[in-house]
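Participant: Sequence and computational prediction follow.
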Amino acid sequence: MQIKTKAIVLTSIKYGEADLIVKCLTEEGVKSYLIRSIFRSKSKKLQIGYFQPLSQLEISAFHNNKGNLNKMSEARVSYLYTSIGSNVYKQSIALFLSECLAYALREEERNPALFEYIETSFKWLDQHDSYANFHLIFLWYLSKFLGIFPDLEGNNNNYFNLDEGSFNELKPLGNYLSGDKLILFKSIIGIKFDDMQGLKWSSESRNQVLEIVLKYYELHLPGFKKPRSLKVLKEVFNEVS
């Protein structure tokens, strides 16, 4: 079945001498495409430059709906980033979050709210200059769309149970937060992108919160693992306040 849909590139991997396998979040769900001979083709309908991490596209494609690789016949940029492609800090965020999304998004079903959240979030990143904590806020609210958002009831308690995703009055047996780490974790609650300047975190604090969020994802999403680009992200953002 041929369809036209918006698509956000998650990963692209060279396959063989000239082919490319591209994984996208589309309006129809997560889909993977085999694009033949793109490294040799001079066609303007499918160009290698379109398939950078988090590129926002409009595509024409044939979906077989059998879990196999799909075919893409045409693509064009639907939103052209003006700063993400040239800003090393934003590039590191884009690479890191594209890996996170590739691990986290495994559903085939349509999820319009999820697509809109990701689409508008990266437009926000492209258009704003204060973004040091963007990846943390993004992952925090992404968990809502993934069905793993923490239960915030009782957030005055002294422990957060990472395994259960809830605040506890008594010390849990498994993975939990308390003390300074719990205070850092609580500081992200209710913060929106436009409010992130209010988070006066040092690089060390930012890295601690990121480790907490990634641990939470690992505990609640089967197959999720820390992205390979995490080290680069930390190195780059050690310079940012």
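Facilitator: The structure has been received and is ready for your questions.

Participant: Compute the distance between Tyr217 and Asn168, please.
Facilitator: Distance, Tyr217 to Asn168, by C-beta to C-beta, to the nearest Å: 20 Å. Yep, even glycine has a C-beta here, placed from its N, CA and C like the rest.

Participant: And for Glu204?
Facilitator: Glu204 is 26 Å from Asn168, by C-beta to C-beta.

Participant: who has more neighbours, those two?
Facilitator: Each of Glu204 and Asn168 has its neighbours counted (other C-beta atoms under 10 Å); Asn168 has more, 15 against 9.

Participant: what bridges to that one?
Facilitator: Bridge pairing for Asn168 (DSSP bridges) gives the partners Tyr159.

Participant: need the contact list for it.
Facilitator: By C-beta atoms under 8 Å, 6 or more residues apart in numbering, the contact set of Asn168 is 154, 157-161, 176.

Participant: List buried residues within those.
Facilitator: When these are checked for burial by 16 or more other C-beta atoms under 10 Å, the buried set is 159-161, 176.

Participant: out of these, which one sits closest to Ser55?
Facilitator: For those, the closest approach to Ser55 (C-beta to C-beta) belongs to Phe160, at 36.0 Å.

Participant: pretty sure the closest one is touching Glu169, no?
Facilitator: No - if you go by C-beta atoms under 8 Å, Phe160 and Glu169 don't touch, sitting 11.3 Å apart.

Participant: and the chain, what are its domains?
Facilitator: The chain resolves into domains spanning 2-79, 88-237 when parsed by automatic domain parsing.

Participant: Make CSV from those and add mean pLDDT to it.
Facilitator: Output for these, formatted as CSV (pLDDT from 0 to 100):
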stretch, mean pLDDT
domain 2-79, 91
domain 88-237, 93
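
Participant: what about the residue located most distally from the centre of the chain, distance to Asp180?
Facilitator: In the chain, Leu170 marks the outermost C-alpha relative to the chain mean, sitting 33.2 Å out by C-alpha atoms, centre = their mean. Taking C-beta to C-beta as the measure, Leu170 falls 20 Å from Asp180.

Participant: max-length strand in this structure?
Facilitator: The longest strand of the chain (DSSP state E) is strand 2-15.

Participant: out of the contacts of Asn168, who's nearest Ile38?
Facilitator: Using C-beta to C-beta, the contacts of Asn168 come closest to Ile38 at Phe160, 46.3 Å.

Participant: which residues sit in contact with that closest one?
Facilitator: 150, 166-168, 176-178, 182, 185.

Participant: Which residues are in contact with the residue nearest to it when sequence neighbours are not counted?
Facilitator: For Phe160, ignoring the flanking residues on the chain, the nearest one in space by C-beta to C-beta, 6 or more residues apart in numbering is Leu177 at 4.3 Å. By C-beta under 8 Å, 6+ apart, Leu177 lies in contact with 159-160, 162, 185, 212.

Participant: Pipe these into a markdown table and attach distance to Arg228 per row.
Facilitator: Converted to a markdown table, the contacts of Leu177 look like this (distance: C-beta to C-beta, whole Å):
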| residue | distance to Arg228 |
| --- | --- |
| Tyr159 | 32 |
| Phe160 | 28 |
| Leu162 | 23 |
| Phe185 | 25 |
| Ile212 | 20 |
